[in-house]
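> what shape does this take:
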Amino acid sequence: MRIQAALVEQPGGPFTIHDVEIQDPRQDEILVRVTAAGICHTDLTMRRGWRPERCPMVFGHEGAGVVAAVGDAITGFAPGDAVCLSYRSCGTCDLCVTGRPAYCLNSDLNTRGTRADGSSPLTRGSTTVFGNFFGQSSFATHALAYQTNTVRIPAGLPPALAAPLGCSVQTGAGTILNVLRPEPGSTVAVLGAGSVGLSAVMAAVSEGCTVIAVDPVESRRVLAEELGATATTELTARGIHYAIDTTGRADVIGQALSALRRRGTLALLGIGGRADFNVMATMVNGITIRGVIEGDATPSDFIPRLIDLHRSGRLPLEKLIAEYPFADIETAAQDALAGKVVKPILTFG
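Have a look, this model is predicted:
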């Protein structure tokens with residue numbers, strides 16, 4: 001079938017829309033007509049450093065849409081179902097079968113640019129187009145996904161609200177609700193008020209916590225305060241129970257560690273390199289440093305919980321979203337990089 005997809009032709013190149021061909025779903029695949037897709041910081045980071053031999057490439061891993069067709073081995077989904085797409089996991093390794101799919105031992109399925117067997121379902125004429133990003137590549141009018149990363153959602157949920165549930169909202173809110181589980185009245189510092197950080201803010205406020213949001217961008221601080229946090233440009237408070245870093249920056253991580261009280265916990269969510277910390281101070285103060293992927297969430301269980309929180313008014317996602325037509329994907333990406341918007345959502349006619 002011929003579809004349209006946003007291609008990255010070379011590492012760091014722009015998103016440009018082209019006609020491509022997509023194969024019919026294999027027995028373990030679900031073909032989804034995409035109606036909305038979020039642009040995540042991971043998409044923009046990965047396109048900058050993507051392997052040239054895996055170009056042209058289709059990114060996108062916060063898709064929402066409608067099932068168009070299913071493979072013979074798929075159960076629980078049928079054409080016409082409204083769905084949200086999330087990260088892919090193998091479903092068979094030790095961590096998957098014990099309920100920890102975010103740490104799947106085959107997590108490279110999300111970033112190979114191909115299916116597990118090395119093939120790609122996408123072509124442009126005689127040229128292979130790479131995809132399968134997070135088991136979906138949803139910067140396209142149609143995407144192939146899998147049973148483990150497809151979640152049925154209520155038909156009436158607007159696609160622009162459903163799309164970011166599969167990664168950024170799941171990551172931020174899941175860190176609060178699944179990992180840290182703070183007691184009401186405890187203090188949570190969130191460093192970086194992008195879509196992941198603000199999702200953590202909303203979840204922490206909903207749990208009755210005192211929340212400090214740290215970000216250099218004034219508009220994001222204003223939004224954090226609207227969501228119930230106290231906003232600042234630098235974390236100087238002490239005695240914090242929990243800190244969440246979404247920046248991946250060593251200096252910001254250092255601020256977070258310095259601000260924690262004894263027995264405090266730092267959750268690391270941001271893509272980064274190395275950070276130094278004082279081993280003795282960490283030991284003496286009983287500090288926990290915890291890496292978190294996808295909010296420790298199993299999408300099929302957690303995304304419905306997020307939808308319930310939104311419906312109850314405790315997760316006002318609409319405050320984070322700016323919608324763009326799919327044709328304006330590069331403009332949306334540049335606005336995200338410039339900090340003009342928190343969560344750009346592509347919509348498909």
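> so which residue is dead centre in the chain?
In the chain, the centroid-proximal residue (C-alpha atoms, centre = their mean) is residue 167; its distance is 2.3 Å.
> contact partners for that residue?
38, 40, 42, 61, 62, 86, 87, 134, 294 (C-beta atoms under 8 Å, 6 or more residues apart in numbering). C-beta here means a position set from N, CA and C on the backbone, and glycine is covered the same way.
> and the gap between the closest residue to it other than its chain neighbours and residue 337?
What sits nearest to residue 167 in space, not counting adjacent residues and going by C-beta to C-beta, 6 or more residues apart in numbering, is residue 62, at 5.0 Å. Distance, residue 62 to residue 337, by C-beta to C-beta, to the nearest Å: 17 Å.
> tell me which of these two has more neighbours.
Shown here are residue 62 and residue 337; by other C-beta atoms under 10 Å, residue 62 has more neighbours (32 against 11).
> who's in contact with the more buried one?
By C-beta under 8 Å, 6+ apart, the residues touching residue 62 are 37, 38, 39, 40, 85, 138, 163, 164, 165, 166, 167, 168.
> if we use 6 Å, what do you get?
37, 38, 40, 163, 164, 166, 167 (C-beta atoms under 6 Å, 6 or more residues apart in numbering).
> can you check the pLDDT for it?
Per-residue pLDDT puts residue 62 at 98.
> next, give phi and psi for it.
When read as degrees, to the nearest 10, the backbone of residue 62 gives phi -130, psi 60.
> now the helices for the chain?
41-49, 94-97, 159-162, 168-174, 195-206, 218-226, 250-259, 279-284, 299-311, 329-337 (DSSP state H).
> how far off centre is the last one?
For helix 329-337, the gap between its own C-alpha mean and the chain's C-alpha mean amounts to 16 Å (C-alpha atoms, centre = their mean, to the nearest Å).
> now swap in the second one and tell me
Distance of helix 94-97 from the chain centroid (C-alpha atoms, centre = their mean) equals 21 Å.
> list the buried ones in that helix?
Neighbour-count burial for helix 94-97, with 16 or more other C-beta atoms under 10 Å as criterion, is recorded at 95, 96.
> same thing with the first one?
By neighbour count on 16+ other C-beta under 10 Å, the buried set for helix 41-49 is 41, 42, 43, 46, 47.
> for the longest one, same thing?
The neighbour-count criterion (16+ other C-beta under 10 Å) identifies 299, 300, 302, 303, 304, 305, 306, 307, 309, 310 as the buried residues of helix 299-311.
> how about stretch 88-102?
For stretch 88-102, a neighbour-count test (16+ other C-beta under 10 Å) marks 88, 89, 90, 93, 95, 96, 101, 102 as buried.
> is it correct that residue 213 is in contact with residue 193?
Yes. Between residue 213 and residue 193 a contact is recorded at 4.9 Å, counting by C-beta atoms under 6 Å.
> where do the contact lists of those two overlap?
Taking C-beta under 6 Å, 6+ apart as the contact rule, residue 213 and residue 193 both touch residue 224.
> skipping adjacent residues, who's closest to residue 109 in space?
Here the residue nearest residue 109, using C-beta to C-beta, 6+ apart, is residue 88, at 5.0 Å.
> picking up where we left off before, farthest pair within the buried residues of stretch 88-102?
Among these, the pair separated by the greatest distance (C-beta to C-beta) is 88 and 95, at 13.6 Å.
> residue ranges with poor pLDDT in the chain?
Of all residues in the chain, none has pLDDT under 70.
> tell me the domain boundaries of it?
For the chain, automatic domain parsing gives the domain ranges 2-166+316-347, 171-293.
> report how many residues lie close to residue 278.
The number of residues near residue 278, taken as other C-beta under 10 Å, comes to 13.
> nearest residue to it in space, please, no chain neighbours.
Nearest one to residue 278, counting by C-beta to C-beta, 6+ apart, is residue 257 at 7.8 Å.
> also residue 110?
Distances taken as C-beta to C-beta, 6+ apart put residue 134 closest to residue 110, at 4.6 Å, once the chain neighbours are dropped.
> ditto for residue 184
The nearest residue in space to residue 184 (C-beta to C-beta, 6+ apart) is residue 208, at 3.3 Å.
> swap in residue 322?
Nearest residue to residue 322 in three dimensions, chain neighbours excluded: residue 341, at 4.0 Å (C-beta to C-beta, 6+ apart).
> that neighbour is in contact with residue 335, isn't it?
Yes. In terms of C-beta under 6 Å, residue 341 counts as a neighbour of residue 335; the distance is 4.9 Å.
> and these two? Which one has more around it.
Between residue 341 and residue 335, counting by other C-beta under 10 Å, residue 341 is the more crowded of the two (19 against 16).
> ok, that one to residue 183 distance?
Residue 341 sits 34 Å away from residue 183, going by C-beta to C-beta.
> same check on residue 326?
Distance, residue 326 to residue 183, by C-beta to C-beta: 43 Å.
> those two: who's more crowded?
When neighbours are counted by other C-beta under 10 Å, residue 326 comes out ahead of the other of residue 326 and residue 183, with 21 against 11.
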